[in-house]
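Peer 1: One predicted model, sequence on top.
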Amino acid sequence: MYDLAALEAALKGSIFARNVHYFNSTGSTNTNAMEAAGAGAANGSVYLADEQTAGRGRGDHQWESAAGQGLYVSVLLRLGLPVAHLSVVPLAAGLAAANAIATATALKIDLRWPNDLLIGRRKVGGILVESRTERGELAFVVIGIGINVHQRDFSPALSTPATSLDIETGRAISRQSLLIALLESLQRETSMLHDPAVVAVTPSLFALHSTWLWNREVEVHGPQACTGITDGLDEHGFLRVRTAQGLVIVQTGGIRAAETA
């Protein structure tokens, strides 16, 4: 369980102070956050659950969220950014999550574009960014992050084999310490997105944490499905894939290692 009083004290002075909404069990923290955002919830509102019964990943994939086993949290941010900057928000969230895990565990995360947190070939977490736009600006974004912390058993049906922080470190990792590190890192990474110079370098910073962006044979899943060799990110943070038919700029979807790789 989380020590909410200690969590509040640790977040003092941040945008998240006095804004944590905790659920023993909920369907989806992202759904909670999206509904609250539509009703006018404040910037920095945090939706945290010990268990999700309908956790969601990108593409409506289910995220297994057993009670007490992982970190399940969604953050509402009213950043006032132009819509054109939305594509870098998942990248900034990935950097924040990688840095937080490194702080809490000293583990190195491999970021698989656009939203997967991997350790070696195994997935340890994922990110789901949802948003609403008004008059050419982002009215708000919701960043949902799920990280496997204490899990020991995983469904064999998962498209990517999974792992947890406890398995990788050989010790019990504090979800509370990880959460604090994550929120601190999220505030730091997203608060700078008002600066066009920061937006411009975010894809390059993301690339420093990823082995997937250059010379990897991948299958792209989603509306731009294709197979090819990754060729970095463009200035918007979209993935460049060189295929037999030519260069594809992948704006949405996910990637996996090609079966022939």
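Peer 2: Happy to help now that I have it.
Peer 1: alpha carbons only for contacts and neighbour counts from here, please
Peer 2: Fine.
Peer 1: Count the residues that sit near residue 67.
Peer 2: 16 (other C-alpha atoms under 10 Å).
Peer 1: Mind listing residues that contact stretch 148-166?
Peer 2: Here stretch 148-166 makes contact (C-alpha atoms under 8 Å, 6 or more residues apart in numbering) with 68-71, 105, 119, 121-125, 147, 167, 172-173, 175.
Peer 1: Buried members of these into PyMOL, please.
Peer 2: Selection of buried members from the contacts of stretch 148-166 for PyMOL, criterion 16 or more other C-alpha atoms under 10 Å:
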select buried, resi 68+69+70+71+105+119+123+124+125+147+173+175
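Peer 1: least trustworthy position among the contacts of stretch 148-166, going by pLDDT?
Peer 2: Across the contacts of stretch 148-166, the smallest pLDDT goes to residue 68, namely 89.
Peer 1: any chance you could map the helices in the stretch 51-200 of the chain?
Peer 2: 89-105, 165-169, 175-191, 196-207 (DSSP state H, counting those that start in this stretch).
Peer 1: Serialize those helices to JSON lines and add fields for distance to residue 15.
Peer 2: Shown next, in JSON lines, are the helices of the stretch 51-200 of the chain (distance: least, C-alpha to C-alpha, whole Å):
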{"stretch": "helix 89-105", "distance to residue 15": "16"}
{"stretch": "helix 165-169", "distance to residue 15": "27"}
{"stretch": "helix 175-191", "distance to residue 15": "8"}
{"stretch": "helix 196-207", "distance to residue 15": "20"}
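Peer 1: Mean neighbour count, the ones you listed: which tops it?
Peer 2: helix 89-105 (a mean of 23; mean count of other C-alpha atoms under 10 Å).
Peer 1: any idea how far the closest residue to residue 172 other than its chain neighbours lies from residue 103?
Peer 2: Excluding its sequence neighbours, the residue lying closest to residue 172 (C-alpha to C-alpha, 6 or more residues apart in numbering) is residue 166, at 5.3 Å. For residue 166, the distance to residue 103 equals 15 Å [C-alpha to C-alpha, to the nearest Å].
Peer 1: does residue 256 sit in a helix or strand, and which one?
Peer 2: strand 254-257 (DSSP states H and E).
Peer 1: Can you list phi and psi of the residue lying closest to residue 227 once chain neighbours are set aside for me?
Peer 2: Spatially, and ignoring its direct neighbours in sequence, residue 227 is nearest to residue 219 (4.5 Å; C-alpha to C-alpha, 6+ apart). Backbone torsions of residue 219, given as degrees, to the nearest 10, read phi -110, psi 130.
Peer 1: thinking residue 219 is in contact with residue 253, fair?
Peer 2: No: Residue 219 lies out of contact with residue 253 (C-alpha atoms under 8 Å); the separation is 10.3 Å.
Peer 1: out of these two, which sits in the more crowded spot?
Peer 2: Counted by other C-alpha under 10 Å, residue 219 and residue 253 do not tie: residue 219 has more neighbours, with 21 against 17.
Peer 1: list the contacts for that one?
Peer 2: Per C-alpha under 8 Å, 6+ apart, neighbours of residue 219: 225, 226, 227, 228, 255, 256, 257, 258.
Peer 1: Out of the residues you listed, which end up buried?
Peer 2: The buried subset of those - by 16+ other C-alpha under 10 Å - is 226, 227, 228, 255, 256, 257.
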